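Undergrad: give me coordinates for this.
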Amino acid sequence: MFLLTRPDGPTIDKFLATGRGQAFSYPEVGATRETAPVGYNIDHNRILLGTGQAAFARAKTAVSSWQMFALGWVELCYPQTRIAADETVAVMVNHFGFYSLNAARIVYTIDEAERFGFAYGTLVEHGEIGEERFPVEYLSETHEVWYDLFAFSRPGSLLAKLGYPLSRHLQKRFAHDSKMAMVRSVSDADAVIE
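TA: Alright, predicted model coming up:
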């Protein structure tokens with residue numbers, strides 16, 4: 001959904017209510033657990049957030065509160081949404097002088113001793129088609145804490161197809177800014193981008 005002005009609460013709520021009844025926009029639901037399917041753009045980005053169990057605890061809290069979307073130009077509607085399979089969210093993007101709302105649903109969660117996060121998939125009301133995984137990992141051998149962003153996607157809406165280079169630019173910008181938001185949330189100055 002594209003809008004000329006920032007959507008208000010009732011507009012977002014109606015969009016989310018519609019999204020809850022929609023199917024995923026791609027057949028490979030859950031594919032970010034293993035290998036991405038053929039025919040999509042693949043993006044894999046990692047950043048070192050810090051070291052130690054305290055940094056891992058802060059990273060888990062950041063994921064749970066959707067801090068990777070606290071970007072200014074991207075906003076999650078709504079960050080109080082719990083990290084649980086089948087929860088539906090709207091990603092609001094302010095770009096090129098207009099706003100878009102993009103519907104996504106959590107496909108699966110990760111809650112292991114050394115990994116925490118989730119993956120969400122696009123719904124019909126999303127500019128792209130695909131899935132994105134947002135875990136944080138604790139490496140016990142080095143005590144490093146990493147944010148590992150992995151996605152497969154292709155343009156979905158007509159505007160995304162027509163503006164393919166711009167869409168790819170926005171995806172790359174999101175990955176960069178998302179990593180920086182996680183660094184800020186965990187507050188470790190020793191972050192290393194990969």
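Undergrad: CA only for contacts and neighbour counts going forward, please
TA: Fine.
Undergrad: which helices and strands sit right next to whichever helix in the chain runs longest?
TA: When the chain is parsed with DSSP state H, its longest helix is helix 164-186. Identification of packing neighbours for helix 164-186 by 3 or more C-alpha pairs under 8 Å, 6 or more residues apart in numbering; DSSP states H and E yields strand 41-51, helix 53-64, strand 144-155.
Undergrad: now the shortest one against strand 144-155, angle please.
TA: Yep, that's strand 41-51 we're talking about. 160 degrees (axes from the mean of the first three to the mean of the last three C-alpha atoms, to 10 degrees).
Undergrad: coming back round to it: so which of the helices and strands packed on helix 164-186 is the most packed in?
TA: Neighbour counts (mean count of other C-alpha atoms under 10 Å) averaged over each of those peak at strand 144-155, with a mean of 22.
Undergrad: including distance to Thr81, could the helices and strands packed on helix 164-186 go into CSV?
TA: Shown next, in CSV, are the helices and strands packed on helix 164-186 (distance: least, C-alpha to C-alpha, whole Å):
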stretch, distance to Thr81
strand 41-51, 23
helix 53-64, 9
strand 144-155, 20
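Undergrad: next, format those as TSV and append distance to Tyr120 and mean pLDDT.
TA: Listed next are the helices and strands packed on helix 164-186 as TSV, based on distance: least, C-alpha to C-alpha, whole Å; pLDDT from 0 to 100:
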stretch	distance to Tyr120	mean pLDDT
strand 41-51	15	96
helix 53-64	13	96
strand 144-155	10	96
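Undergrad: go through the ones you listed and name the closest to Leu101.
TA: Nearest to Leu101 among the helices and strands packed on helix 164-186 is strand 144-155 (14.9 Å), distances taken as C-alpha to C-alpha.
Undergrad: which is the succeeding secondary structure element to that closest one?
TA: Per DSSP states H and E, strand 144-155 leads on to helix 158-162 as the next helix or strand towards the C-terminus.
Undergrad: angle of the longest strand belonging to the chain against helix 53-64?
TA: For the chain, the strand that runs over the most residues, judged by DSSP state E, is strand 98-111. Counting by the same axes, to 10 degrees, strand 98-111 lies at 130 degrees to helix 53-64.
Undergrad: sheet partners, orientation included, of the next helix or strand after strand 98-111?
TA: Per DSSP H and E, the first helix or strand lying C-terminal to strand 98-111 is strand 115-122. Looking at strand 115-122 with DSSP bridges, its partner strands are strand 98-111 (antiparallel), strand 128-133 (antiparallel), strand 136-139 (antiparallel).
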